[in-house]
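Engineer: For reference, the sequence and a predicted model appear below.
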Amino acid sequence: DKMSAPWAGFYDFWGNSTKKPLSAQSFLGILEDLEDAFPMPENGDGPPAAPAAPAAAPAAAPAAAPAPSKGGRCGEVLAARAGASKGAAPAPAAAGKGASKGAAPAPAAAGKGAAQPAAYPSHAAKPHAAPGGGQHLFEKKKVADDGHMRADAAAFVPGQGLVTEAKDAEVKSRRASAPEMSAASKRMPTYEKKDWIIAGIRHNVVSIISGDTGCGKSTLIPQLVCDAENLVPDDKVVVCTQPRRVAAITLAEYVAKDRRQELGDEVGYQIRFINKFCESTRLIYATTAIVLRRLHSEPTLDSIGCLIIDEVHERDVYTDFLLLLLKEAMLNGRMPHLKVVLMSATVKAEDFANYFGNVNGQTALKPVKIPGRMFPVEDFYFEDACEWVSFSPPERSGKGKGKKGGRDEGVTEDKIDAVYQAIQKVDTPQVRPGKDRADDYSEKTLKACALWRECEVYIDLVEELVYYFHKSEPKGDGAILIFLPGWGDIAKTYMRLYKSGENYKLITLHSLMTPEQQHEAFERPPEGFRKVVLSTNIAEASVTIDDVVYVIDTGVRKERSYDAGTGVSALDAKMVTKANAIQRRGRAGRCQEGLVVHLFPSFKFKDFEQFPIPQMLSSSMEEVVLQSKVIHGGSNSEISSMLTNSMAAPQPKAVDAAVQLLKDMNCLTRAGELTVLGKAVAAIPVQPNVAKFLLIAAAFRCIKPAACVAAFLSIKSPFQQSVNESSDKNKVTGKDYFNKGFCSDHLTNIQAYVEWRRETLRGRGDDFCDEQGLSPETLDMAFMMVQQFVSFMVDAGYDGDDVTGEGDYGEVDPVKKASDADALLKAAMVAGFMPNLCVLYRGQRSPYWYLDSNEEVSAFRGSVNAEYQMGLTDGEEWMVFSDSMKMGRFNSIMDSSLVFSPFVLLFANALMIDEKKNEIRFDKWYAYIQPGPWIKELLYLRSKVIPSFKDAIESRDLSSFPRDLVQRMTDFLRQRPIRLDKIEAVARSIDEEVTGAARKHMSFFEWPEDVGEEEEEQ
């Protein structure tokens, strides 16, 4: 009784309710109106042609797509194994290596018939790829307001079609300057719905578009919006956000090439520290974090005409936060000019419609659904794979340890019968039931299903499946995509396949890879080789590899969780959700019929979770809270209240923990007000503790090595996680070569960077990287980031000796062990990363490390400190670290640096010394001390450092931090370590425990409360 069509007459589409009873006569009138409104010209451009008869619409589908095979199903859920004998191996393809009849021809390779990028227009500024460029985001020249029609000026009149306010004016659906759509774009399902999509965007403040895999929404909808006449004014841009930087880059590259334009001209991208657009750019692909930072300087996003937010179904923390801010602003009338388009996979689109339901006023939001255009894909499961290659998991013996240990207690007849019955009873939309389906499997396969374990990756089975597909080609020629949970499993699988000696072109994909490395996955393999891509879940959505025919889904993923009570993050192996499995299935069948095998039994699928947990519920909240303070303002309770209105409201204790951490960092005052330091930290596009570290290092005159540390913390280690074994076992390479006794991952990275720059200037950069196991792409990115960080601090008054000349800001001097630079850099780390410290303690047992929560920790196995042996007495040695992760039994600290007790005492947030009792309390630590002149010097420095740093930040002049104070602090830090006897962690901080008059004996390293008034003045 309800219909959906864009008109205002008998049926109010935008209100989704009838104004009059819908009769047969009125329905015929509606059809006539649709004919007049959407004549659907063949070329998609120019004035409308004669109306096409409604019956002709199905014929518009391109003949290139093959008809599904008999009984085949290819939908938005996991299909049954259509047309195949249950449990039987898929039959090898016929001649031609399985190429489907009538299959669409592959696009011409670059330089072979493909259109070449157009030259720069004479009027356009030359595009640039400057790193950051001062973060002038999306800015364009302004034009006269009266030179453009309002975005909502077009109206639909029944019987007359789409007309403008100027009576009888000719309507143009596309800008005259818009380039012709390519033939490939016109074949996409999104193009067939272009008029509906643009009409919906014109008439709604917020539009929701739900599209299956392969429909072309990410590449076409931004173009359609950009090219639409009078939808986005010429002085504004269209921005399409992506959750990952690699997607922003690759999509921009594809769209620019598709439009036969140079990347950076009309189509560009922006990711952290890298802009590639110019003054004439109309369409920008950007990471979601870029738009969030734009809100700092442009709270109403005046420079953006249409904001397209892609992949909203992934529910990453930045996207959910951006949706919250947009909704709050729109409900309060702060962005009246902005059109917002949410693009999602078919799953959960209605949730977003409900969330933004009241933004359009009385208009109900109905997602526009776009079907995918894929070839049939057959689904198989663990039982099928075991039957094909005669595989069975090994039976365990012994007690074992951990979750996967213990006895299998034998596979009894009862267990095998239970598996048989479970397979027989499978009756879900994902698996087509069969009366005797379980009879197709051998007893060995049924036993294998009984031995199957959750979260286990069966690399032996993966190896055999790759060989099986490579040799038998049941679906013809094509690439194999393997989904694995993490780098460890990728490396193991890579080595197994590499040693097999088969003609595999092996490619690894994970989120930390550079764009240059990602591109290899899209290239065709050499003649005679099979491309095999080993990927994490990044290939589920952000990366589309067109020649994939076979997908092996191990069914396991890594999920990061966060415990607000302990402040500990964990990276756990979990089974995929149903949504994950559907997305992975969609990677096959892009170029011909495909096949996916899920390495879990079919009867287990029904028990899987429907969707992954939104990141807002599994992440620390300090960055979100800090950005909320800058963008939204308000008290802590107001921020908490606002965050409860997000699609996934974070736990109150997570918000409280974030607020407390920001107070400890001096980003918030005790009363919860934003400090000037907090504003400065929020302005630097890195994690808050890394940003604070940079600012302190600038005040201490050691910005260049600190910028190097921050760069690698923001991207990844420069050392490649090589899957190839070195042929020279005696050669010292990688971290071992650069460590040089620093006992510091951070300084090891600096040394590698310094030597790489030296060799690069000699023309040996790439050779040096090959020799030392370094990633040239990561180092290139770090070089740009170092330049940006140093430039930022110079603009803020930095006057260190290393920037007085005209040398490049990216050149860094080596740091000598036990030098002033070494001490100052580690001091900045302790001050910036506080309270991320652990003490080294021997006691009555072997040495171990523990946190102020009394939790034992260890160094990450890739750290230079993984095998460090304690050299001094208890309490004298500490490790400072930037992050930690629980992996298995222990909490592992990531990059770490060895520091000594004077560093920790100087930068503790609260400290009190009782010389009569020889006791010291600082934060959550308690110890006995030997009195001496160091106590007076410590208290003096604590009384001077934070006020001087406060003055430098508030005056926006880092050079005002006294040089003599820096030298005096260095002398104190380089003295012999202060012994802290019987050190132990206590439950409460001294700041919480001591009250009243006793607090006057305490030393605080905190921002004064009166900063609020000074903030308002500035």
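Structural biologist: Looks like it arrived, so ask away.
Engineer: Quick one: residues contacting D957.
Structural biologist: 796-797 (Cβ atoms under 8 Å, 6 or more residues apart in numbering). Where C-beta positions appear, they are placed from N, C-alpha and C, glycine not excepted.
Engineer: can you rerun that using 6 Å?
Structural biologist: For D957, the contact set (Cβ atoms under 6 Å, 6 or more residues apart in numbering) comprises G797.
Engineer: Which pLDDT value belongs to K444?
Structural biologist: pLDDT recorded at K444 is 95.
Engineer: Tell me how far it lies from F391.
Structural biologist: According to Cβ to Cβ, to the nearest Å, K444 stands 9 Å off from F391.
Engineer: Show me which of the two is the more surrounded one.
Structural biologist: F391 (18 against 13; other Cβ atoms under 10 Å).
Engineer: And for the nearest residue to the more buried one once chain neighbours are set aside, the neighbour number?
Structural biologist: Closest residue to F391 apart from its sequence neighbours, by Cβ to Cβ, 6 or more residues apart in numbering: L461 at 4.9 Å. For L461, the neighbour count with other Cβ under 10 Å is 22.
Engineer: What is the three-state secondary structure of L461?
Structural biologist: Put simply, L461 is helix when judged by DSSP: H, G, I helix; E, B strand; the rest coil.
Engineer: Could you double-check that it sits in contact with V389?
Structural biologist: No - counting by Cβ atoms under 6 Å, L461 stays clear of V389, with 7.2 Å between them.
Engineer: got the end-to-end distance for stretch 503-519?
Structural biologist: Stretch 503-519 has an end-to-end distance of 21 Å (Cα to Cα, to the nearest Å).
Engineer: Now do it: everything it contacts.
Structural biologist: By Cβ under 6 Å, 6+ apart, stretch 503-519 touches 246, 249, 490, 494, 497, 520-521, 525, 528-536, 538-539, 716, 777.
Engineer: swap in stretch 889-907?
Structural biologist: 568, 743-746, 826-827, 830-831, 834, 855, 857-860, 863, 865, 876, 878-885, 938, 973, 977-978, 980.
Engineer: Now, these that are in strands?
Structural biologist: Using DSSP state E, the members of these that fall in strands are 568, 857-859, 878-881, 884-885.
Engineer: Pull out the buried residues from those.
Structural biologist: Among the ones in strands among the contacts of stretch 889-907, those classed as buried by 16 or more other Cβ atoms under 10 Å are 568, 857-859, 878-881, 884.
Engineer: Mind picking the one among those residues that's closest to T669?
Structural biologist: Nearest to T669 among these: V880, at 25.0 Å, using Cβ to Cβ.
Engineer: pretty sure the closest one contacts M829?
Structural biologist: Yes - with contact taken as Cβ under 6 Å, V880 and M829 are classed as touching, separated by 5.0 Å.
Engineer: least trustworthy helix or strand in this structure by mean pLDDT?
Structural biologist: Least confident helix or strand, the chain: strand 155-157 with a mean of 33, by mean pLDDT, DSSP states H and E.
Engineer: Between the two ends of stretch 337-348, what distance do you get?
Structural biologist: End to end - Cα to Cα - stretch 337-348 spans 27 Å.
Engineer: Counting neighbours, what do you get for G932?
Structural biologist: 10.
Engineer: Report the secondary structure state of it.
Structural biologist: Quick answer, by three-state DSSP: G932 is coil.
Engineer: surely Q787 meets Y809?
Structural biologist: Yes - taking Cβ under 6 Å as the definition, Q787 is a contact partner of Y809 at 4.6 Å.
Engineer: Report the secondary structure state of V549.
Structural biologist: For V549, the secondary structure call by three-state DSSP comes out as strand.
Engineer: Include pLDDT and distance to I221 when you put the ones in strands among the contacts of stretch 889-907 into CSV, please.
Structural biologist: Formatted as CSV, these follow (pLDDT from 0 to 100; distance: Cβ to Cβ, whole Å):
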residue, pLDDT, distance to I221
V568, 76, 41
V857, 89, 47
S858, 88, 48
A859, 89, 47
W878, 95, 53
M879, 95, 49
V880, 97, 47
F881, 95, 43
S884, 88, 41
M885, 86, 37
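Engineer: and of these, the nearest to R842?
Structural biologist: Comparing those against R842 with Cβ to Cβ picks out W878 as the nearest, at 13.8 Å.
Engineer: residues touching the closest one, list them.
Structural biologist: Neighbours of W878 in contact, by Cβ under 6 Å, 6+ apart: 837, 839, 899, 904.
Engineer: can you list the domains in this structure?
Structural biologist: Using automatic domain parsing, the domains assigned to the chain come out as 1-57+154-164, 194-373, 377-397+411-616, 827-1017.
Engineer: Reformat those as a markdown table; add distance to Y798.
Structural biologist: Shown next, in a markdown table, are the domains of the chain (distance: least, Cβ to Cβ, whole Å):
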| stretch | distance to Y798 |
| --- | --- |
| domain 1-57+154-164 | 53 |
| domain 194-373 | 18 |
| domain 377-397+411-616 | 29 |
| domain 827-1017 | 5 |
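Engineer: any idea which of these is most buried?
Structural biologist: The highest mean neighbour count among the domains of the chain, using mean count of other Cβ atoms under 10 Å, belongs to domain 194-373: a mean of 21.
Engineer: From one end of it to the other, what's the distance?
Structural biologist: So domain 194-373: terminal residues 16 Å apart, Cα to Cα.
Engineer: tell me the average confidence for it?
Structural biologist: 91.
Engineer: Give me the distance between that domain and the centre of its chain.
Structural biologist: Distance, stretch centre to chain centre, for domain 194-373: 17 Å (Cα atoms, centre = their mean, to the nearest Å).
Engineer: same question, stretch 706-716
Structural biologist: Using Cα atoms, centre = their mean, the offset of stretch 706-716 from its chain centre is 17 Å.
Engineer: what's next to that stretch, contact-wise?
Structural biologist: 512, 686, 690, 694, 697, 746, 749-750, 753, 781-782, 785-786, 789-790, 812, 828, 882.
Engineer: measure the spatially most central residue of the chain to R187 for me?
Structural biologist: By Cα atoms, centre = their mean, the chain has its centre lying nearest to R244, at 4.4 Å. From R244 across to R187, the span is 27 Å (Cβ to Cβ).
Engineer: repeat for T804
Structural biologist: 60 Å.
Engineer: What of I715?
Structural biologist: With Cβ to Cβ as the criterion, I715 and R187 are 38 Å apart.
Engineer: Format the CA atom coordinates belonging to the helix or strand hosting K257 as CSV.
Structural biologist: Per DSSP states H and E, K257 falls inside helix 245-258. The C-alpha trace of helix 245-258 is given here as CSV (Å, rounded to 0.1, in the frame of the first residue of the first chain):
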residue,chain,number,x,y,z
ARG,A,245,43.8,6.2,3.2
VAL,A,246,44.6,3.5,0.6
ALA,A,247,40.9,3.6,-0.5
ALA,A,248,41.0,7.4,-0.8
ILE,A,249,44.0,7.3,-3.0
THR,A,250,43.0,4.4,-5.2
LEU,A,251,39.5,5.7,-5.8
ALA,A,252,40.8,9.1,-6.8
GLU,A,253,43.3,7.6,-9.2
TYR,A,254,40.6,5.4,-10.7
VAL,A,255,38.0,8.2,-11.1
ALA,A,256,40.6,10.6,-12.6
LYS,A,257,41.7,8.0,-15.1
ASP,A,258,38.1,7.1,-15.9
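Engineer: Brilliant, that's me finished.
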